[in-house]
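Trainee: Sequence below, structure please.
(2 chains)
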2 protein chains.
Amino acid sequence: MSTGRKTAACLAVGSELLGERRLDSNSLRITAELARYGVVVEEKRVVGDSVERTAAALRDLLAHHELVVVTGGLGPTADDVTREAVARALDRELEHSVEVEGWIRDRYASLGRQMPAICTSMARVVPGSRPLRNDRGSAPGLIVETDGKLLAVFPGVPWEMEEMLERDLLPEVAGWSSGIERYTRTLLLGGVVESDTEERVRHLYDRFGRENVTILAHYGVLRLVLSCEADPEAARRRVDEMESAFREELGDDVAGVDVNGLAEVILDALRGGGQTLATAESCTGGLVGARITEVAGASDAYLGGVVSYSNEAKEALLGVEHDLLVEHGAVSEHVALAMAQGARNRLNADWGIGITGVAGPSGGTQEKPVGLVHWAVAGPGGAWARYRVFPGDRSIVREWSTNAALDLLRRRLLESHR
Amino acid sequence: MSTGRKTAACLAVGSELLGERRLDSNSLRITAELARYGVVVEEKRVVGDSVERTAAALRDLLAHHELVVVTGGLGPTADDVTREAVARALDRELEHSVEVEGWIRDRYASLGRQMPAICTSMARVVPGSRPLRNDRGSAPGLIVETDGKLLAVFPGVPWEMEEMLERDLLPEVAGWSSGIERYTRTLLLGGVVESDTEERVRHLYDRFGRENVTILAHYGVLRLVLSCEADPEAARRRVDEMESAFREELGDDVAGVDVNGLAEVILDALRGGGQTLATAESCTGGLVGARITEVAGASDAYLGGVVSYSNEAKEALLGVEHDLLVEHGAVSEHVALAMAQGARNRLNADWGIGITGVAGPSGGTQEKPVGLVHWAVAGPGGAWARYRVFPGDRSIVREWSTNAALDLLRRRLLESHR
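Mentor: Residues are numbered from 1 along each chain as shown, chains lettered A, B, ... in the order given. Predicted structure coming up:
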């Protein structure tokens, strides 16, 4: 196999991945693992349960990439066409393997069951390939080298795919290493929009190479992926340098490095200061709480919150004054502040978040249109409120609001812990 | 354009869709809309920001499908290669359009901004194509017919893509109708697992055809997609018949037909009975509230809730007795029931949900392992509790719990409204 830069493609086989609900998410894990060894996924495809189309895709992808990783279609039913398609793409005929049938029988036996007769179809192997044992399921995978290209085929179940990827494919890929690796680092930014950020950092593209910087924006949260391809030590130094330069430009907009999200940053800051948080949500309906408690160990700092979807709930559970609701309306700066303070007081927390808005699609007025959201943070040193009319549909407005409130808290925590 | 069965392919352009985080989710919406007109998506691809690779994919897909829908790569920067790639695939040269530049200028003007010079690149059009105005963003799309095939190109931003899909493409596709349509109906099931359900309905496969039934399972919620291809009237009758047969087998496990989720079913039932709901969540941290308030108009029936992540919150906000927490522990049937009652009482609601559990990864004990969740529903006619040790990681346990609690409420509502 030749050295130098390798590219890869992912092919997912299965008509269920061409429906209205499911996406091929295996490719994310495969991409991430291959990237560690400098192998870049340059193309992804999904095809249905058709021998012909799968074989055609395989031939095409093998012609253009050093590695093709296929997932799915390895089960025992007539729908499962991948084994047949690989044989056809390589002009070989499937052969029954006694050894592989033994694996499948063992697997069923370990579950106290007899192997159904239909499963013998999974013991057919592509001549010249290496069958891969499946310790987490019954369908075996395979790896085969053809014309200097590598073809790896795994089951579609993520839990099974991951085992074979790590055990059987990555060691091969590691052997390709030319000493050149792709090193990446991700800066998480909060409270920013893509175009403004791009404007501010554009002058750094020339210095570090446009292809080494990727911006991923998601409703007020932005990920700036810095990367460099070089020998490991040089790559790390170069990315250190990139990080410094971007931080200089972006200052407090940078929430964290290689973190999952704002909630993680906030929980770390709260823990660091020995402080606690409570939330009061209206239009987000529990999303902020859900986001915070996604992080394992959130209970160290997050005491809980109130979803005050009705005015009654705002009064009864948060102590928001009735007159305030009447005078300013539920969607107002006053009420957002009172909710943040109410959460803080009722739960005896150091910090409180309050959010109230019109998520839509109905409920908007001229004065308070759909998308108008007020959010507030109350803490030991005072209280702060912000508002905006967010564009987009109900779920987008709720996403923006959640991120905006988390980011306001992040900035106040940063300020107060200085 | 010929009549008969049409197939389509989706092509997403953008290197960010080949990274470790993002999937092309636009294809789901496109697939769903096209399916309504009997057009089947048979292949999906993702390629990076390369004119050459995008053009090659376009040529290949146009050779095999009647319709190719491309998303992404239409912005103004050097990364945005789709316009150029379409021109190359069709052997045409881009031309500047004064009219399209006017649209872009108008769009910026409506936001009170001047069009940046770089945006003139978006006013280049493929000769012979129909440029598509973007009322939700600045990048125009295009539709072009070539050799009897249709190529539609939309921006990658879902909100912008959806507008053009509905306004510009679907009317064309509707005109293709050959009288044969694929008619689908989705039964939503709650509180079931895939293998048991499959066992119960397997005998119906022979009767209706295995290829006409798809099961999609998601942590306690299952979608059974029934479909039939025929002329519209016959297809509808056949699917009616399928629905009856499956319902007979599955009874109350069927939560709804063509609904988005359990929350929608519950809100409808509550509204139907003029009743209200409140929630009390511990391990799910707000997910149940978030799920319910995803549904527009949830405020008709959902009053709000409490995220009682700490014992103090359970006592202060829900009135859970201190002794109960001490005697049985926070994760117990007693506390789940007290939380459901507490939510109901404090918010003056007809129904209350309570959830408490060990989401993990830490916090488990021999007696109360990670994954143990107790959930309860309290209503006008009594209170009910259930528990289970759910498999999987933190996010999976939270997802199971949310669905389990919603399904228990659904069944109690069904019972009480009988």
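
Trainee: Is any residue of stretch A:358-365 near chain B?
Mentor: Yes. Residues of stretch A:358-365 are located near chain B by Cβ under 8 Å from any Cβ of the partner chain, namely A:359, A:360, A:361, A:362. For the C-beta atoms, the positions are set from N, CA and C on the backbone; glycine is no exception.

Trainee: quick one: which of the residues you listed has the most company?
Mentor: Highest neighbour count within the residues of stretch A:358-365 next to chain B, by other Cβ atoms under 10 Å in any protein chain shown: residue A:359, with 30 neighbours.

Trainee: looking at it, that residue is touching residue A:283, isn't it?
Mentor: Yes. Residue A:359 is within contact range of residue A:283, at 4.4 Å (criterion: Cβ atoms under 8 Å).

Trainee: Now for these two: what residues contact both?
Mentor: Here residue A:359 and residue A:283 have A:373, A:397, A:398, A:401, B:293 as joint contacts, going by Cβ atoms under 8 Å, 6 or more residues apart in numbering or on different chains.

Trainee: of all those residues, which comes closest to residue A:351?
Mentor: Nearest to residue A:351 among the shared contacts of residue A:359 and residue A:283, counting by Cβ to Cβ, is residue A:401 at 17.5 Å.

Trainee: Quick check: the closest one touching residue A:283?
Mentor: Yes. Counting by Cβ under 8 Å, residue A:401 touches residue A:283, with 6.2 Å between them.

Trainee: which neighbours do these two share?
Mentor: In contact with both residue A:401 and residue A:283: A:355, A:357, A:359, A:373, using Cβ under 8 Å, 6+ apart.

Trainee: Run through the strands of the stretch 201-350 of chain A in chain order.
Mentor: Assigned by DSSP state E, counting those that start in this stretch, the strands in the stretch 201-350 of chain A fall at A:213-218, A:221-230, A:254-257, A:277-281, A:302-308.

Trainee: To chain B, which of those lies closest?
Mentor: Nearest to chain B, of all the strands of the stretch 201-350 of chain A, is strand A:302-308, at 3.6 Å by Cβ to the nearest Cβ.

Trainee: Take that closest one, keep the C-alpha atoms, and write them as CSV.
Mentor: What follows is strand A:302-308, C-alpha atoms only, in CSV (Å, rounded to 0.1, in the frame of the first residue of the first chain):
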residue,chain,number,x,y,z
TYR,A,302,-27.5,22.7,39.6
LEU,A,303,-30.3,22.7,42.2
GLY,A,304,-33.2,22.6,39.9
GLY,A,305,-35.8,24.9,38.4
VAL,A,306,-39.3,25.8,37.5
VAL,A,307,-41.0,25.6,34.2
SER,A,308,-43.6,28.4,34.6
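
Trainee: can you map out the strands along the stretch 51-200 of chain A?
Mentor: Using DSSP E, counting those that start in this stretch, strands in the stretch 51-200 of chain A cover A:67-71, A:95-96, A:124-125, A:130-132, A:141-146, A:149-154, A:181-190.

Trainee: contacting residues around residue A:67?
Mentor: Taking Cβ under 8 Å, 6+ apart, one finds A:6, A:7, A:8, A:9, A:34, A:39, A:149, A:150, A:151, A:152, A:173 in contact with residue A:67.

Trainee: Could you list the low-confidence segments of the stretch 101-250 of chain A?
Mentor: A:177-180 (pLDDT under 70).

Trainee: Counting residues, what is the longest helix that chain A contains?
Mentor: helix A:394-416 (DSSP state H).

Trainee: Can you report how many residues lie near residue A:218?
Mentor: Neighbours of residue A:218 under the rule other Cβ under 10 Å: 14.

Trainee: what separates the residue of chain A most remote from its centre from residue A:344, distance-wise?
Mentor: In terms of distance from the mean C-alpha position of chain A, residue A:323 ranks first, at 43.6 Å (Cα atoms, centre = their mean). Separation of residue A:323 from residue A:344 (Cβ to Cβ, to the nearest Å): 20 Å.

Trainee: And for residue A:300?
Mentor: 18 Å.

Trainee: Of these two, which one has the most company?
Mentor: Neighbour count, other Cβ under 10 Å: between residue A:300 and residue A:344, residue A:344 has more, with 27 against 11.

Trainee: The stretch 101-250 of chain A against chain B: which residues are in contact?
Mentor: So the stretch 101-250 of chain A meets chain B at A:210, A:214, A:216, A:223, A:225 (Cβ under 8 Å from any Cβ).

Trainee: and the residue lying closest to the third one once chain neighbours are set aside, how many neighbours?
Mentor: Which is residue A:216. Spatial nearest neighbour of residue A:216, excluding adjacent residues (Cβ to Cβ, 6 or more residues apart in numbering or on different chains): residue A:223 at 4.3 Å. Neighbourhood size, residue A:223 [other Cβ under 10 Å]: 19.

Trainee: likewise residue A:417?
Mentor: 11.

Trainee: quick one: contacts for the closest residue to residue A:217 other than its chain neighbours?
Mentor: What sits nearest to residue A:217 in space, not counting adjacent residues and going by Cβ to Cβ, 6+ apart, is residue A:194, at 3.9 Å. Contact analysis of residue A:194 by Cβ under 8 Å, 6+ apart lists A:215, A:217, A:222.

Trainee: residues contacting the first one?
Mentor: Residue A:215 is in contact with A:194, A:197, A:198, A:222, A:223, A:224, A:225, counting by Cβ under 8 Å, 6+ apart.

Trainee: I'd say the last one and residue B:22 touch.
Mentor: Just to be clear, that refers to residue A:225. No. Residue A:225 is beyond contact range of residue B:22, at 11.1 Å (criterion: Cβ under 8 Å).

Trainee: For those two, list the residues in contact with both.
Mentor: Common neighbours of residue A:225 and residue B:22 (Cβ under 8 Å, 6+ apart) are residue A:216.

Trainee: Is it correct that residue A:153 is in contact with residue A:82?
Mentor: Yes. Counting by Cβ under 8 Å, residue A:153 sits close enough to residue A:82 to count as a contact (6.1 Å).

Trainee: where do the contact lists of the two overlap?
Mentor: Common neighbours of residue A:153 and residue A:82 (Cβ under 8 Å, 6+ apart) are A:70, A:74.
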